[in-house]
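**Student:** Everything below, folded, please.
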Amino acid sequence: MIAILDYKAGNQTSVLRALNFLNIEACITDKSETLMQADGVIFPGVGAAKQAMDRLTSQKQDELLKQLIEKKMPLLGICLGCQILLDYSEENNTKTLGILAGSCKKFNPDWTDGVDENNNPEKIRIPHMGWNTITIKRESPLLQNIQTGDSVYYVHSFYPKPQDSHLVLATSAYGEEFTAVFGYDGLWAVQFHPEKSGKTGLQLLKNFNAYCEKQRKI
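**Tutor:** Predicted coordinates for the structure are as follows:
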């Protein structure tokens, strides 16, 4: 079973619907015993970094997440959950979980992407919202049957920047290249919303579940 961490930060229900569509057994829970006994944990989220961290720390779920990592529980961070796995977010100058080294940066409004009707460079709009393609940088069980050029769905004003470039598994470009997927086997984070990313997102969730099932049998 996949457990979706409930910390009152957004898109848990849409993630559950996507897993149900794939016939993957899953539940939304804030119970530590359920999370510790799951095959894998999804750590989603939308909203602001500071509010999310306040919720996590008030319920001691920050400590729980670190215990899950120490236990080598497969974990997938999504969007805000992806960002706050790092040390720090520029959003409200927030110290975040520090599970992986790195920081979360705000898109630079002076970056340009494409040209306007007069063929002049067009500044990006923040938030970055809508479909964008990914570029695969490294092979990963999470990205099985997903290819460079596949499209995923984003809604974000900040982007993750892990300290170790070897952790970057895939990127997208919006003004400049940014990290779309990072981590290592069993601990992954995606900036986009797989539950809203059609065929590509469903494949990623299938891959995560397959990895969890494989680890359960070891």
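
**Student:** Contacts only, for the closest residue to residue 116 other than its chain neighbours.
**Tutor:** Among residues not flanking residue 116 along the chain, residue 122 sits closest, at 4.5 Å (C-beta to C-beta, 6 or more residues apart in numbering). Every C-beta, even on glycine, is put in place using the N, C-alpha and C of the backbone. Residue 122 sits next to 112, 113, 114, 115, 116 when contact means C-beta atoms under 8 Å, 6 or more residues apart in numbering.

**Student:** just residue 155 next, same as before
**Tutor:** Per C-beta under 8 Å, 6+ apart, neighbours of residue 155: 46, 79, 127, 128, 129, 193.

**Student:** Let me have the contacts of residue 122 in TSV, extended by pLDDT.
**Tutor:** Below are the contacts of residue 122 laid out as TSV (pLDDT from 0 to 100):
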residue	pLDDT
112	94
113	89
114	81
115	75
116	79
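
**Student:** Name the nearest of these relative to residue 162.
**Tutor:** residue 113 (22.7 Å; C-beta to C-beta).

**Student:** pretty sure the closest one is touching residue 124, no?
**Tutor:** Yes. Using C-beta atoms under 8 Å, residue 113 is in contact with residue 124, at 4.9 Å.

**Student:** Name the residues contacting each of these two.
**Tutor:** With C-beta under 8 Å, 6+ apart, residue 113 and residue 124 have common neighbours 174, 175.

**Student:** Next SSE downstream of the helix or strand containing the residue nearest to residue 116?
**Tutor:** If you go by DSSP states H and E, residue 122 is part of strand 121-123. Once strand 121-123 ends, the next helix or strand along the chain (criterion: DSSP H and E) is strand 128-133.

**Student:** if we can go back for a sec, farthest pair in the contacts of residue 122?
**Tutor:** 113 and 116 (10.8 Å).

**Student:** Looking at those two, which is more packed in?
**Tutor:** residue 113 (15 against 10; other C-beta atoms under 10 Å).

**Student:** Please report the distance of that one from residue 214.
**Tutor:** Look at residue 113 and residue 214: by C-beta to C-beta, to the nearest Å, they are 39 Å apart.

**Student:** Also residue 67?
**Tutor:** Residue 67 is 22 Å from residue 214, by C-beta to C-beta.
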